[in-house]
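K.L.:
Could you work out the structure for the sequence below:
(one chain, ligands or ions: 1)
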Amino acid sequence: MNTELAQTHLNDDTRDIRALIAETQAVLGEAVCEFPSGSLALSFSGAEDVILIDIAHRHGLHLDVFSLDTGRLHPETHEFLEVVRKHYDQAIELLSPNPIGVQEMVKAKGLFSFYTDGHSECCKVRKVQPLRQKLDTLAAWVTGQRQDQGVTRTALAQRQTDEVFSTEKRQLVKFNPLAHWTSADVWQYIRTYQVPYNPLHNRGFVSIGCQPCTRATGPYEHERAGRWWWEQAENKECGLHAKRIIPLAQR
Ligand code: SF4
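P.N.:
Numbers count the residues shown, from 1 in each chain. Below you'll find the model as predicted:
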């Protein structure tokens, strides 16, 4: 394993991840059993999502996979998508933003308005709208979110009703099978099972989003410190997971 990668991601004590893998497999199994192909899909963007693909493949669970191609991703991320596609023989649907929406925003505000106006507007056009269009076709989706990713995710449940994208007529279920994993767990799994990862991680990038909104972080910085670093921690969501989501058990 790359030394920098080890230093960046294995600061915490590693623990036996077999129980976490079994738990994740159970959540994925529940999702696949309850929601047939075509009504359930995994949103793929980072290291965690490859773990979900890996566990699903090892246990014969079929997952449809999509990813948001915002038009501002690093070339390394595109190459990584291709590596994953080939490694698992996994179809990955790429969702693009509405070109008219992008054109209007860029014409009015330029290519870097998020540095002065905040990231919400650009994320809405490039991420939230295409995601909403996709989720409107599904009954449930799967994410690689974890509780320890930041102050906005500490109460994350493994299964929730998604209040951001549910409508009055249609309740959308959101599965977060890695909710209880830590960053160290993720990298222990990747190392143990030789899971492909984005080469940007070898250059100090931990949480990877769009190129202009992601920077490398130091060994003692929180992983989300590299995302929208000019904004407050409470604002570090792109709208995909921003609103409070109520665990089904509490409803
Ligand atoms: S992360 Fe940055 S570039 Fe990407 S959609 Fe959000 S504001 Fe735009």
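
K.L.:
Spell out which residues of the chain are next to the ligand.
P.N.:
Residues of the chain lying close to the ligand (C-beta under 6 Å from any ligand atom) are 70, 72, 114, 119, 122-123, 126-127, 209-210, 212-213, 238. All C-beta atoms are positioned from the backbone trio N, CA, C, and that covers glycine.

K.L.:
Okay, now the unreliable bits of the stretch 1-150 of the chain?
P.N.:
Scanning the stretch 1-150 of the chain for pLDDT under 70 picks out the ranges 1-14.

K.L.:
Do a quick rundown of the strands in it.
P.N.:
With DSSP state E, counting those that start in this stretch, the ranges of strands along the stretch 1-150 of the chain come out as 40-43, 64-68, 92-95, 140-142.

K.L.:
Save these as TSV, and put in mean neighbour count too.
P.N.:
Rendered in TSV, the data for the strands of the stretch 1-150 of the chain read as follows (neighbours: other C-beta atoms under 10 Å):
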stretch	mean neighbour count
strand 40-43	22
strand 64-68	21
strand 92-95	14
strand 140-142	24
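
K.L.:
Which of these sits closest to E223?
P.N.:
E223 lies closest to strand 40-43 among these, at 18.3 Å (C-beta to C-beta).

K.L.:
Can you tell me which helices and strands the closest one packs against?
P.N.:
For strand 40-43, the helices and strands in contact under the criterion 3 or more C-beta pairs under 8 Å, 6 or more residues apart in numbering; DSSP states H and E are helix 47-58, strand 64-68, strand 140-142.

K.L.:
got the buried residues for stretch 164-179?
P.N.:
Burial within stretch 164-179, assessed by neighbour count using 16 or more other C-beta atoms under 10 Å, is assigned to 164-166, 172-179.

K.L.:
Among the residues you listed, which one sits closest to the ligand?
P.N.:
Within the set of these, V164 lies nearest the ligand; the separation is 15.7 Å, counting by C-beta to the nearest ligand atom.

K.L.:
Check the closest one and give its pLDDT.
P.N.:
The predicted local distance difference test score for V164 is 92.

K.L.:
now what about the lengthiest helix in the chain, what contacts it?
P.N.:
Once the chain is assigned using DSSP state H, the helix that runs over the most residues is helix 18-34. Residues from elsewhere that reach helix 18-34 (C-beta atoms under 8 Å, 6 or more residues apart in numbering): 40, 51-52, 55-56, 59, 61-63, 140, 142, 158-159, 175, 177-178, 180-181, 185, 189.

K.L.:
The same query, at a cut-off of 6 Å, please.
P.N.:
Under the contact criterion C-beta atoms under 6 Å, 6 or more residues apart in numbering, helix 18-34 has outside partners 40, 55-56, 59, 61, 158, 175, 177, 181, 185.

K.L.:
Would you list the buried entries among those?
P.N.:
By the neighbour-count criterion of 16+ other C-beta under 10 Å, these include these buried positions: 40, 55-56, 61, 158, 175, 177, 181, 185.

K.L.:
would TSV of the strands of the stretch 1-150 of the chain with distance to W229 be doable?
P.N.:
Supplementary listing: the strands of the stretch 1-150 of the chain in TSV, determined by distance: least, C-beta to C-beta, whole Å:
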stretch	distance to W229
strand 40-43	23
strand 64-68	21
strand 92-95	26
strand 140-142	28
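
K.L.:
so Q160 sits right up against K174, yeah?
P.N.:
Yes: counting by C-beta atoms under 6 Å, Q160 touches K174, with 4.9 Å between them.
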